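> I'd like to go over a predicted model; first the sequence, then the structure.
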There are 2 protein chains.
Amino acid sequence: MTASNRDDEKLKSEIRLRFHQLGQRFTQEREALLAVLLTTDRALTPQELYEAAQKSETVGLTTAYRIIETLTRIGFAQVILINGELRYRLCSPTHHHHMVCTQCQKVEEFAECQLEGLDYGSFHPTSHRVEIFGLCEQCQKGSS
Amino acid sequence: MTASNRDDEKLKSEIRLRFHQLGQRFTQEREALLAVLLTTDRALTPQELYEAAQKSETVGLTTAYRIIETLTRIGFAQVILINGELRYRLCSPTHHHHMVCTQCQKVEEFAECQLEGLDYGSFHPTSHRVEIFGLCEQCQKGSS
DNA sequence: TGCCTTATCGAAAATGGTTTTCAATAACTA
DNA sequence: TAGTTATTGAAAACCATTTTCGATAAGGCA
(Lines give C-alpha, C1' and ligand atoms only; values in the text may rest on other atoms or scores of the structure.)
Protein backbone atom coordinates (compact mmCIF):
# COMPACT_ATOMS: atom_id res chain seq x y z
CA MET A 1 0.00 0.00 0.00
CA THR A 2 1.94 2.95 -1.30
CA ALA A 3 0.90 6.58 -1.26
CA SER A 4 0.33 6.86 -4.96
CA ASN A 5 0.44 10.62 -5.37
CA ARG A 6 3.79 11.14 -3.75
CA ASP A 7 7.12 10.20 -5.26
CA ASP A 8 8.38 8.32 -2.24
CA GLU A 9 11.90 7.49 -3.38
CA LYS A 10 12.52 11.06 -4.39
CA LEU A 11 11.02 12.33 -1.17
CA LYS A 12 13.22 10.02 0.85
CA SER A 13 16.41 11.20 -0.80
CA GLU A 14 15.35 14.82 -0.49
CA ILE A 15 14.80 14.35 3.22
CA ARG A 16 18.14 12.56 3.59
CA LEU A 17 19.83 15.45 1.83
CA ARG A 18 18.11 18.04 3.96
CA PHE A 19 19.01 16.20 7.15
CA HIS A 20 22.61 16.09 6.02
CA GLN A 21 22.63 19.80 5.27
CA LEU A 22 21.31 20.49 8.74
CA GLY A 23 23.98 18.35 10.37
CA GLN A 24 21.45 15.80 11.48
CA ARG A 25 22.22 12.13 11.62
CA PHE A 26 20.33 9.40 9.88
CA THR A 27 19.79 6.94 12.66
CA GLN A 28 18.11 3.55 12.55
CA GLU A 29 15.23 4.96 14.53
CA ARG A 30 14.64 7.76 12.06
CA GLU A 31 14.99 5.30 9.22
CA ALA A 32 12.24 3.14 10.70
CA LEU A 33 9.93 6.06 11.45
CA LEU A 34 10.44 7.53 8.01
CA ALA A 35 9.75 4.16 6.42
CA VAL A 36 6.38 4.09 8.17
CA LEU A 37 5.54 7.58 7.01
CA LEU A 38 6.61 6.76 3.47
CA THR A 39 4.48 3.66 3.20
CA THR A 40 1.22 5.04 4.46
CA ASP A 41 -1.16 7.49 2.91
CA ARG A 42 -2.92 8.11 6.19
CA ALA A 43 -2.33 11.02 8.48
CA LEU A 44 -1.05 9.55 11.74
CA THR A 45 -1.04 10.58 15.35
CA PRO A 46 2.39 10.48 17.03
CA GLN A 47 1.17 7.47 18.99
CA GLU A 48 0.19 5.63 15.80
CA LEU A 49 3.52 6.40 14.19
CA TYR A 50 5.27 5.07 17.26
CA GLU A 51 3.26 1.86 17.28
CA ALA A 52 3.68 1.22 13.58
CA ALA A 53 7.43 1.65 13.78
CA GLN A 54 7.75 -1.03 16.48
CA LYS A 55 7.22 -3.69 13.83
CA SER A 56 10.68 -3.14 12.38
CA GLU A 57 12.64 -1.42 15.12
CA THR A 58 12.43 -0.50 18.76
CA VAL A 59 11.70 3.20 18.81
CA GLY A 60 10.66 5.39 21.70
CA LEU A 61 7.53 7.52 21.65
CA THR A 62 9.64 10.59 22.32
CA THR A 63 11.59 9.93 19.16
CA ALA A 64 8.37 9.71 17.18
CA TYR A 65 7.36 13.13 18.50
CA ARG A 66 10.77 14.49 17.62
CA ILE A 67 10.84 13.32 14.03
CA ILE A 68 7.35 14.71 13.48
CA GLU A 69 8.42 18.06 14.86
CA THR A 70 11.50 18.13 12.67
CA LEU A 71 9.81 17.03 9.47
CA THR A 72 7.02 19.54 10.00
CA ARG A 73 9.45 22.36 10.67
CA ILE A 74 11.47 21.74 7.53
CA GLY A 75 8.38 21.37 5.36
CA PHE A 76 8.27 17.64 4.66
CA ALA A 77 5.26 16.94 6.82
CA GLN A 78 2.04 18.77 7.57
CA VAL A 79 -0.36 18.78 10.46
CA ILE A 80 -4.02 18.21 9.69
CA LEU A 81 -6.91 18.59 12.09
CA ILE A 82 -9.23 15.60 11.61
CA ASN A 83 -12.19 15.00 13.89
CA GLY A 84 -10.62 17.19 16.54
CA GLU A 85 -7.31 15.34 16.47
CA LEU A 86 -3.98 16.62 15.23
CA ARG A 87 -2.50 14.20 12.74
CA TYR A 88 0.62 14.34 10.63
CA ARG A 89 1.43 13.26 7.13
CA LEU A 90 4.55 13.24 5.02
CA CYS A 91 4.08 15.68 2.15
CA SER A 92 5.81 16.73 -0.99
CA PRO A 93 7.32 20.17 -0.43
CA THR A 94 5.60 21.61 -3.48
CA HIS A 95 2.39 23.60 -3.20
CA HIS A 96 -0.62 21.37 -2.93
CA HIS A 97 -3.80 20.75 -0.99
CA HIS A 98 -5.51 17.79 0.62
CA MET A 99 -8.48 15.51 0.25
CA VAL A 100 -8.99 13.99 3.66
CA CYS A 101 -11.03 10.89 4.42
CA THR A 102 -12.64 11.53 7.78
CA GLN A 103 -13.13 7.82 8.37
CA CYS A 104 -9.75 6.22 7.65
CA GLN A 105 -7.66 9.44 7.69
CA LYS A 106 -6.31 8.78 4.23
CA VAL A 107 -4.98 11.96 2.68
CA GLU A 108 -4.59 12.51 -1.03
CA GLU A 109 -2.71 15.46 -2.40
CA PHE A 110 -3.97 17.53 -5.28
CA ALA A 111 -2.26 20.38 -7.05
CA GLU A 112 -5.10 22.47 -8.45
CA CYS A 113 -5.41 25.74 -6.64
CA GLN A 114 -7.93 28.39 -7.51
CA LEU A 115 -7.17 30.96 -4.87
CA GLU A 116 -4.69 33.04 -6.81
CA GLY A 117 -7.06 35.53 -8.42
CA LEU A 118 -9.08 36.45 -5.36
CA ASP A 119 -9.25 39.95 -3.94
CA TYR A 120 -8.21 40.05 -0.31
CA GLY A 121 -8.59 43.80 0.13
CA SER A 122 -6.16 45.22 2.65
CA PHE A 123 -5.28 41.77 3.99
CA HIS A 124 -1.80 40.64 3.03
CA PRO A 125 -1.84 36.89 2.36
CA THR A 126 1.30 34.86 2.88
CA SER A 127 0.02 31.29 2.67
CA HIS A 128 -3.16 29.32 2.57
CA ARG A 129 -4.60 25.95 3.26
CA VAL A 130 -7.38 24.08 1.48
CA GLU A 131 -8.79 20.85 2.83
CA ILE A 132 -11.56 18.80 1.28
CA PHE A 133 -13.12 16.44 3.79
CA GLY A 134 -15.17 13.42 2.82
CA LEU A 135 -14.96 9.70 2.23
CA CYS A 136 -12.36 7.96 0.13
CA GLU A 137 -13.40 5.31 -2.38
CA GLN A 138 -12.83 2.39 0.00
CA CYS A 139 -14.73 3.93 2.90
CA GLN A 140 -17.70 4.70 0.65
CA LYS A 141 -17.98 1.00 -0.13
CA GLY A 142 -17.15 -0.30 3.30
CA SER A 143 -19.87 1.48 5.26
CA SER A 144 -23.38 2.52 4.37
CA MET B 1 -14.13 47.13 18.18
CA THR B 2 -16.80 45.10 16.50
CA ALA B 3 -16.35 42.20 14.14
CA SER B 4 -17.52 44.01 11.07
CA ASN B 5 -18.30 41.08 8.83
CA ARG B 6 -20.65 39.31 11.18
CA ASP B 7 -24.13 40.47 12.04
CA ASP B 8 -23.67 40.26 15.79
CA GLU B 9 -27.18 41.11 16.95
CA LYS B 10 -28.68 38.60 14.57
CA LEU B 11 -26.13 36.01 15.58
CA LYS B 12 -26.87 36.57 19.22
CA SER B 13 -30.60 36.06 18.82
CA GLU B 14 -30.02 33.00 16.64
CA ILE B 15 -27.85 31.50 19.34
CA ARG B 16 -30.41 32.36 22.02
CA LEU B 17 -33.11 30.66 19.95
CA ARG B 18 -30.99 27.57 19.36
CA PHE B 19 -30.15 27.31 23.04
CA HIS B 20 -33.83 27.53 23.86
CA GLN B 21 -34.69 24.83 21.35
CA LEU B 22 -32.11 22.56 22.93
CA GLY B 23 -33.49 23.14 26.41
CA GLN B 24 -30.38 24.99 27.45
CA ARG B 25 -30.48 27.88 29.85
CA PHE B 26 -29.17 31.33 29.21
CA THR B 27 -27.13 31.96 32.31
CA GLN B 28 -25.24 35.09 33.28
CA GLU B 29 -22.00 33.23 32.72
CA ARG B 30 -22.95 32.28 29.18
CA GLU B 31 -24.15 35.81 28.57
CA ALA B 32 -20.76 37.18 29.60
CA LEU B 33 -18.79 34.65 27.57
CA LEU B 34 -20.95 35.18 24.52
CA ALA B 35 -20.55 38.95 24.88
CA VAL B 36 -16.79 38.51 24.69
CA LEU B 37 -17.03 36.32 21.64
CA LEU B 38 -19.42 38.75 19.98
CA THR B 39 -17.21 41.77 20.50
CA THR B 40 -13.95 40.37 19.27
CA ASP B 41 -12.86 39.47 15.79
CA ARG B 42 -9.95 37.45 17.06
CA ALA B 43 -9.87 33.70 17.44
CA LEU B 44 -9.38 33.02 21.13
CA THR B 45 -7.97 30.22 23.21
CA PRO B 46 -10.28 28.97 25.99
CA GLN B 47 -7.94 30.60 28.48
CA GLU B 48 -8.18 33.96 26.72
CA LEU B 49 -11.95 33.75 26.59
CA TYR B 50 -12.00 32.98 30.28
CA GLU B 51 -9.74 35.91 31.13
CA ALA B 52 -11.64 38.38 28.97
CA ALA B 53 -14.97 37.39 30.54
CA GLN B 54 -13.68 38.15 34.05
CA LYS B 55 -14.01 41.87 33.33
CA SER B 56 -17.78 41.73 33.49
CA GLU B 57 -18.58 38.58 35.41
CA THR B 58 -16.93 35.89 37.46
CA VAL B 59 -16.79 32.86 35.21
CA GLY B 60 -14.89 29.62 35.69
CA LEU B 61 -12.44 28.29 33.17
CA THR B 62 -14.44 25.09 32.93
CA THR B 63 -17.45 27.08 31.83
CA ALA B 64 -15.40 28.74 29.09
CA TYR B 65 -14.41 25.31 27.81
CA ARG B 66 -18.00 24.20 27.93
CA ILE B 67 -19.47 27.08 25.97
CA ILE B 68 -16.81 26.67 23.32
CA GLU B 69 -17.62 23.00 23.01
CA THR B 70 -21.33 23.70 22.73
CA LEU B 71 -21.05 26.56 20.25
CA THR B 72 -18.69 24.54 18.09
CA ARG B 73 -20.95 21.50 18.14
CA ILE B 74 -24.04 23.44 17.07
CA GLY B 75 -22.18 25.32 14.35
CA PHE B 76 -21.86 28.81 15.77
CA ALA B 77 -18.15 28.65 16.39
CA GLN B 78 -15.22 27.14 14.57
CA VAL B 79 -11.82 25.92 15.59
CA ILE B 80 -8.83 27.29 13.74
CA LEU B 81 -5.26 26.08 14.01
CA ILE B 82 -3.00 29.15 14.22
CA ASN B 83 0.73 28.81 14.88
CA GLY B 84 0.17 25.36 16.31
CA GLU B 85 -2.54 26.50 18.71
CA LEU B 86 -6.22 25.65 18.59
CA ARG B 87 -8.29 28.80 18.74
CA TYR B 88 -11.99 29.39 18.50
CA ARG B 89 -14.10 32.08 16.91
CA LEU B 90 -17.78 32.79 16.75
CA CYS B 91 -18.96 32.34 13.17
CA SER B 92 -22.02 32.91 11.09
CA PRO B 93 -23.59 29.54 10.32
CA THR B 94 -23.57 30.20 6.57
CA HIS B 95 -20.89 28.80 4.32
CA HIS B 96 -17.77 30.94 4.39
CA HIS B 97 -14.03 30.84 4.74
CA HIS B 98 -11.41 32.67 6.74
CA MET B 99 -8.63 35.18 6.38
CA VAL B 100 -6.46 34.69 9.45
CA CYS B 101 -3.89 37.15 10.74
CA THR B 102 -1.08 35.03 12.14
CA GLN B 103 0.12 37.87 14.33
CA CYS B 104 -2.97 39.14 16.15
CA GLN B 105 -5.26 36.17 15.37
CA LYS B 106 -7.89 38.38 13.80
CA VAL B 107 -10.18 36.37 11.57
CA GLU B 108 -12.22 37.84 8.74
CA GLU B 109 -14.89 35.85 7.01
CA PHE B 110 -15.31 35.84 3.26
CA ALA B 111 -17.98 34.19 1.21
CA GLU B 112 -16.34 33.57 -2.15
CA CYS B 113 -15.74 29.90 -2.73
CA GLN B 114 -14.23 28.50 -5.87
CA LEU B 115 -14.13 24.84 -5.02
CA GLU B 116 -17.44 23.81 -6.46
CA GLY B 117 -16.38 22.93 -9.99
CA LEU B 118 -13.37 20.80 -9.14
CA ASP B 119 -13.06 17.14 -10.06
CA TYR B 120 -12.43 14.96 -7.04
CA GLY B 121 -12.39 11.66 -8.89
CA SER B 122 -13.65 8.80 -6.75
CA PHE B 123 -13.38 10.83 -3.56
CA HIS B 124 -16.74 11.81 -2.13
CA PRO B 125 -16.48 15.31 -0.63
CA THR B 126 -18.78 16.31 2.22
CA SER B 127 -17.24 19.55 3.42
CA HIS B 128 -14.21 21.69 3.02
CA ARG B 129 -12.17 24.34 4.69
CA VAL B 130 -10.23 27.21 3.19
CA GLU B 131 -7.94 29.38 5.25
CA ILE B 132 -5.88 32.29 4.01
CA PHE B 133 -3.07 33.13 6.41
CA GLY B 134 -1.25 36.44 6.43
CA LEU B 135 -1.18 39.82 8.09
CA CYS B 136 -4.18 42.07 8.64
CA GLU B 137 -3.98 45.76 7.78
CA GLN B 138 -3.05 46.83 11.31
CA CYS B 139 -0.31 44.26 11.76
CA GLN B 140 1.25 45.22 8.41
CA LYS B 141 1.65 48.76 9.72
CA GLY B 142 2.58 47.91 13.28
CA SER B 143 5.63 45.77 12.59
CA SER B 144 8.26 45.90 9.88
C1' DT C 1 -45.16 35.59 42.68
C1' DG C 2 -43.05 31.76 44.62
C1' DC C 3 -41.99 26.83 44.24
C1' DC C 4 -39.87 23.03 42.09
C1' DT C 5 -37.31 20.67 38.85
C1' DT C 6 -33.14 20.21 36.76
C1' DA C 7 -29.60 22.34 33.88
C1' DT C 8 -25.52 24.73 35.07
C1' DC C 9 -21.67 26.25 37.70
C1' DG C 10 -16.95 25.92 39.46
C1' DA C 11 -13.26 24.18 42.50
C1' DA C 12 -10.65 20.37 42.76
C1' DA C 13 -9.07 16.12 41.12
C1' DA C 14 -8.10 13.21 37.37
C1' DT C 15 -6.56 12.51 32.87
C1' DG C 16 -3.60 12.16 29.15
C1' DG C 17 -0.98 14.10 25.46
C1' DT C 18 3.42 16.48 24.84
C1' DT C 19 7.86 18.24 26.36
C1' DT C 20 11.98 18.22 29.14
C1' DT C 21 15.78 16.09 31.46
C1' DC C 22 19.94 13.63 31.43
C1' DA C 23 22.99 9.75 31.31
C1' DA C 24 24.01 6.18 27.89
C1' DT C 25 24.64 5.24 23.09
C1' DA C 26 25.73 5.34 18.32
C1' DA C 27 26.68 8.32 13.88
C1' DC C 28 29.69 10.65 11.48
C1' DT C 29 34.41 12.93 10.82
C1' DA C 30 39.09 13.24 10.69
C1' DT D 1 39.85 3.63 14.62
C1' DA D 2 39.19 7.13 17.97
C1' DG D 3 36.97 11.24 19.28
C1' DT D 4 33.29 14.37 19.06
C1' DT D 5 28.71 15.21 19.52
C1' DA D 6 23.96 14.49 17.92
C1' DT D 7 20.58 11.24 19.27
C1' DT D 8 18.06 8.14 22.06
C1' DG D 9 14.57 6.79 25.53
C1' DA D 10 12.90 6.13 30.28
C1' DA D 11 11.25 8.84 33.67
C1' DA D 12 9.71 13.06 35.36
C1' DA D 13 7.62 17.32 34.57
C1' DC D 14 4.31 19.98 32.45
C1' DC D 15 0.02 21.74 31.30
C1' DA D 16 -4.20 21.89 28.64
C1' DT D 17 -8.53 19.69 28.91
C1' DT D 18 -12.07 16.79 31.03
C1' DT D 19 -14.50 14.79 34.81
C1' DT D 20 -16.61 14.80 39.28
C1' DC D 21 -19.99 16.28 42.38
C1' DG D 22 -22.18 19.20 45.74
C1' DA D 23 -24.07 23.89 45.51
C1' DT D 24 -26.61 27.20 42.82
C1' DA D 25 -29.84 29.50 39.92
C1' DA D 26 -32.75 29.51 35.49
C1' DG D 27 -37.11 29.04 33.87
C1' DG D 28 -41.61 26.59 33.75
C1' DC D 29 -45.76 26.21 36.17
C1' DA D 30 -49.30 26.60 39.63
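Right, received. Where do you want to start? Residues are numbered from 1 along each chain as shown, chains lettered A, B, ... in the order given.
> Report the separation between A:Gln103 and A:Gln140.
Look at A:Gln103 and A:Gln140: by CB to CB, to the nearest Å, they are 9 Å apart. For every residue, glycine as well, the C-beta is placed using N, CA and C.
> swap that for A:Val36, sorry
Using CB to CB, one gets 26 Å for the distance from A:Val36 to A:Gln140.
> Quick one: residues contacting A:Leu71.
Contacts of A:Leu71 were listed using CB atoms under 8 Å, 6 or more residues apart in numbering or on different chains, and they are A:Ile15, A:Leu37, A:Ala77, A:Tyr88, A:Leu90.
> Give me the domain ranges for chain A.
With domains defined by automatic domain parsing, chain A comprises A:8-90, A:97-142.
> quick one: is stretch A:76-83 near chain B?
Yes - on the criterion CB under 8 Å from any CB of the partner chain, stretch A:76-83 is in touch with chain B at A:Val79, A:Leu81.
> For chain A, which segments are assigned as strands?
A:77-82, A:85-90, A:97-101, A:107-110, A:124-135 (DSSP state E).
> Highest mean neighbour count across the ones you listed, which stretch is it?
Ranked by mean neighbour count, those are led by strand A:97-101 with a mean of 24 (mean count of other CB atoms under 10 Å in any protein chain shown).
> next one: it to chain centre, how far?
11 Å (CA atoms, centre = their mean, to the nearest Å).
> can you check stretch A:132-144 too?
Counting by CA atoms, centre = their mean, stretch A:132-144 is centred 20 Å from the centre of its parent chain.
> do you know how far A:Ile67 is from chain B?
Counting by CB to the nearest CB, to the nearest Å, the separation of A:Ile67 from chain B is 17 Å.
> Find the residue closest to that residue in space, skipping its chain neighbours.
A:Leu33 (4.8 Å; CB to CB, 6 or more residues apart in numbering or on different chains).
> center of chain A, which residue is that?
A:Arg89 (1.5 Å; CA atoms, centre = their mean).
> measure it to chain B for me?
In terms of CB to the nearest CB, A:Arg89 sits 14 Å off from chain B.
> My read is that that residue contacts A:Thr45, right?
No - taking contacts as CB atoms under 8 Å, A:Arg89 lies outside contact range of A:Thr45: 10.9 Å.
> so what's the residue nearest to the centre of chain A bridging to?
Beta-bridge pairing for A:Arg89 (DSSP bridges): A:Gln78.
> measure it to B:Ile82 for me?
In this view, A:Arg89 and B:Ile82 are 20 Å apart by CB to CB.
> Could you give the number of residues near the closest residue to A:Gln24 other than its chain neighbours?
Spatial nearest neighbour of A:Gln24, excluding adjacent residues (CB to CB, 6+ apart): A:Thr70 at 7.5 Å. When counting by other CB atoms under 10 Å in any protein chain shown, one arrives at 17 neighbours for A:Thr70.
> A:Tyr50 too?
By the criterion of other CB under 10 Å, A:Tyr50 has 21 neighbours.
> Can you name the residues that contact the nearest residue to it once chain neighbours are set aside?
Of all residues not flanking A:Tyr50 in the chain, A:Ala64 sits nearest, at 4.0 Å (CB to CB, 6+ apart). By CB under 8 Å, 6+ apart, A:Ala64 lies in contact with A:Leu33, A:Pro46, A:Gln47, A:Leu49, A:Tyr50, A:Ala53.
> which among those gets closest to DNA strand D?
Proximity of the contacts of A:Ala64 to DNA strand D (CB to the nearest atom of the strand) peaks at A:Leu33, which lies at 7.7 Å.
> Thought A:Thr63 was touching the closest one, still the case?
Yes - using CB under 8 Å, A:Leu33 makes contact with A:Thr63 at a distance of 7.0 Å.
> Within range of DNA strand D, give me the residues from chain A.
Contact residues, chain A versus DNA strand D (CB under 7 Å from any atom of the strand): A:19, A:23-25, A:27, A:29-30, A:58-60, A:62-63, A:66-67.
> at 10 Å instead, please
Applying CB under 10 Å from any atom of the strand, we find that chain A lies next to DNA strand D at A:19-20, A:22-34, A:50, A:53-54, A:57-67, A:70, A:84.
> Could you tell me which of the residues you listed count as buried?
Buried subset of the residues of chain A next to DNA strand D (neighbour count, 16 or more other CB atoms under 10 Å in any protein chain shown): A:19, A:29-30, A:32-34, A:50, A:53, A:59, A:63-64, A:67, A:70.
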